[in-house]
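Asker: model this:
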Amino acid sequence: MGTAHDYARVFNALGDPTRRVIVERVSEGPVSVSDLAKPLKMTLAAVVQHIQVLEASGLVRTRKVGRVRTCSLRAKGFAPATDWMAARKSLWEKKLDRLGALLDEEE
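Answerer: Have a look, this model is predicted:
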């Protein structure tokens, strides 16, 4: 399980629509920063800032070869969010099971 800081970092990074678009694009495979920026209606500097947030959250990594910086997905960076959601899902399933049992008793 991650810490509250890990959860906050990942959910904060995914809370922005532009960053979600970037994550979707890099989930298809490595993409250069300039190619990521082309369809977005913002400056290259703004895109780089979004990528820095995603990189700090552990969701993407960048690599520079020559003059080209490429972004790729870090699947294990999603673990804190996945763990957090799985724990909540389990909790709610238990609560719903108890509610179902209670309703069955009343019949």
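Asker: tell me which residues in the helix or strand in which Y7 is found are buried?
Answerer: Taking DSSP states H and E as the definition, Y7 sits inside helix 4-14. Within helix 4-14, the residues that count as buried by 16 or more other CB atoms under 10 Å are 6-7, 9-10, 13-14. Every residue, glycine included, has its C-beta placed from N, CA and C.
Asker: just checking, what packs against that helix?
Answerer: Secondary-structure packing of helix 4-14 (3 or more CB pairs under 8 Å, 6 or more residues apart in numbering; DSSP states H and E): helix 17-26, helix 44-56, helix 79-106.
Asker: Just give the closest residue to the one residue sitting closest to the centre of the chain, not the sequence neighbours.
Answerer: Nearest residue to the geometric centre of the chain (CA atoms, centre = their mean): L14, 4.7 Å. Closest residue to L14 apart from its sequence neighbours, by CB to CB, 6 or more residues apart in numbering: R20 at 6.0 Å.
Asker: roughly how far apart are that neighbour and T3?
Answerer: Look at R20 and T3: by CB to CB, to the nearest Å, they are 23 Å apart.
Asker: Comparing these two, which residue is more hemmed in?
Answerer: Under the criterion of other CB atoms under 10 Å, the comparison of R20 against T3 puts R20 first, with 13 against 9.
Asker: Would you agree the more buried one is in contact with V26?
Answerer: No. Using CB atoms under 8 Å, R20 makes no contact with V26, being 11.1 Å away.
Asker: what stretches of this protein score poorly on pLDDT?
Answerer: In the predicted model of the chain, residues 1-2 satisfy pLDDT under 70.
Asker: could you redo the last one with a cut-off of 90?
Answerer: Applying pLDDT under 90 to the chain flags residues 1-9, 41, 75, 78-107.
Asker: got the buried residues of helix 4-14 as JSON lines, with distance to K94 columns?
Answerer: JSON lines is the format used below for those (distance: CB to CB, whole Å):
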{"residue": "D6", "distance to K94": "24"}
{"residue": "Y7", "distance to K94": "21"}
{"residue": "R9", "distance to K94": "28"}
{"residue": "V10", "distance to K94": "25"}
{"residue": "A13", "distance to K94": "30"}
{"residue": "L14", "distance to K94": "26"}
